[in-house]
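Engineer: 3D, please:
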Amino acid sequence: MPETETGVLTKIEGWLGLSGPPFHTLGILPFCLGTFLAWRLDHVFGLPVWVLGMLGIVMVMLSTYHAGGHFALFENERSRRRLRNLFAGESGTLPDLILRRSGPLQTSAIFIALAIFIGIILQFGLRTGPFTLLLGCLGALPGFFYATRPIRPADSGLGELLIAFCYGWLPIVAAFYIQRGYIAPCIHWMALPIGLSIFNVVLLHEFPADSANPAGGGVSLLRRLGNAKGTALYCLIFILSWFSMYSSLNAGIPRKALYIYLPVMALSAGISLMMAGKRYENPLVLEILCGLNMAVHLGTTAAFFLAFL
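Structural biologist: Okay, here's the model as predicted:
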């Protein structure tokens with residue numbers, strides 16, 4: 001293969017890695033759930049609104065990952081590994097030579113501008129409601145500033161909560177709102193177990209980066225807590241997600257959601273037991289646990305989908 005062609009393919013691979021396509025599912029699936037609920041609860045579905053909304057959320061995620069990629073390029077290797085998460089994608093792994101240092105920041109600005117333009121069309125063109133742009137900003141601004149100094153929630157111990165909000169409550173609410181112009185109360189209850197499960201996805205993802213570091217004076221939540229307390233919090237979050245799923249039945253969620261959720265609950269219980277047994281100290285086991293944790297999150301969202309069929 002000619003050297004020029006190899007260089008082009010390398011750059012394409014670098015941009016794809018920066019954009020984090022596998023992580024897009026975590027934002028798109030809750031958004032589709034909110035749209036699905038608008039159709040099931042109120043029998044309303046606007047195709048142009050859904051298409052533009054999907055494009056908007058993808059633009060926001062791309063802006064987030066590219067901004068994270070830009071700032072991760074200036075970190076040392078340990079920080080790069082820590083910032084490699086749902087807000088930074090795989091950006092921390094990109095060699096400096098694949099992309100110009102200013103490139104990711106420029107594309108991030110382009111994507112956020114496109115997202116704002118889409119929001120303007122939705123709010124003022126399609127009249128989706130006065131809070132459309134506000135909901136978009138609630139996702140775009142935290143994503144952009146996640147790894148940006150001096151704000152940088154990733155260093156405050158609050159980054160995990162921010163991700164849980166932006167990948168849990170926000171996409172479901174935003175999707176429902178732009179279809180109907182209001183927020184159904186049951187959505188808040190649905191967002192709880194989904195947000196809690198994504199919180200644990202992020203927390204577990206920190207164990208490879210912080211397991212060798214002492215607690216206190218650190219940056220991520222896990223490093224502040226230490227492995228023992230972090231594991232306890234991880235298990236507690238899953239227990240809270242089980243109770244929140246059960247409590248959602250009192251908010252109008254069909255009871256069959258709980259039955260569909262039982263295998264997901266069993267899987268999360270198994271992961272918790274392995275974490276309590278410090279199985280995360282084995283890198284191969286930890287990688288498997290991270291994948292299973294992602295399955296728990298996606299399964300939680302799918303349980304609500306199937307419950308409303």
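
Engineer: From here on, just use CA atoms for contacts and neighbour counts.
Structural biologist: Noted.

Engineer: Ramachandran coordinates for the residue nearest to residue 200 when sequence neighbours are not counted?
Structural biologist: Leaving aside its sequence neighbours, residue 200 sits nearest to residue 234 (C-alpha to C-alpha, 6 or more residues apart in numbering; 6.1 Å). Torsion angles at residue 234 (phi, psi; degrees, to the nearest 10) stand at phi -60, psi -50.

Engineer: tally of neighbours for the nearest residue to residue 54 once chain neighbours are set aside?
Structural biologist: The spatially closest residue to residue 54, leaving aside those adjacent along the chain, is residue 28, at 7.1 Å (C-alpha to C-alpha, 6+ apart). Residue 28 is flanked by 20 other residues according to other C-alpha atoms under 10 Å.

Engineer: In terms of helices and strands, where is residue 28?
Structural biologist: Assessed by DSSP states H and E, residue 28 sits inside helix 21-42.

Engineer: Which positions within that helix qualify as buried?
Structural biologist: Buried residues in helix 21-42, counting neighbours by 16 or more other C-alpha atoms under 10 Å, are found at 23-24, 26-39.

Engineer: What average pLDDT does it get?
Structural biologist: Across helix 21-42, pLDDT averages out at 90.

Engineer: cool, and stretch 301-308?
Structural biologist: Per-residue scores along stretch 301-308 average to 95.

Engineer: Please apply the same query to stretch 187-199.
Structural biologist: Mean predicted lDDT for stretch 187-199 stands at 94.

Engineer: next one: that stretch to chain centre, how far?
Structural biologist: Relative to its parent chain, stretch 187-199 has a centroid offset of 12 Å by C-alpha atoms, centre = their mean, to the nearest Å.

Engineer: and the nearest residue to residue 191 once chain neighbours are set aside, what is it in contact with?
Structural biologist: With C-alpha to C-alpha, 6+ apart as the criterion, residue 191 has its nearest non-adjacent residue at 4.7 Å, and that residue is residue 169. By C-alpha atoms under 8 Å, 6 or more residues apart in numbering, the contact list for residue 169 reads 187, 188, 191, 192, 194, 195.

Engineer: again, only this time at 7 Å
Structural biologist: Residues counted as contacts of residue 169 (C-alpha atoms under 7 Å, 6 or more residues apart in numbering) are 188, 191, 195.

Engineer: how about residue 240, what does it touch?
Structural biologist: Per C-alpha under 7 Å, 6+ apart, neighbours of residue 240: none.
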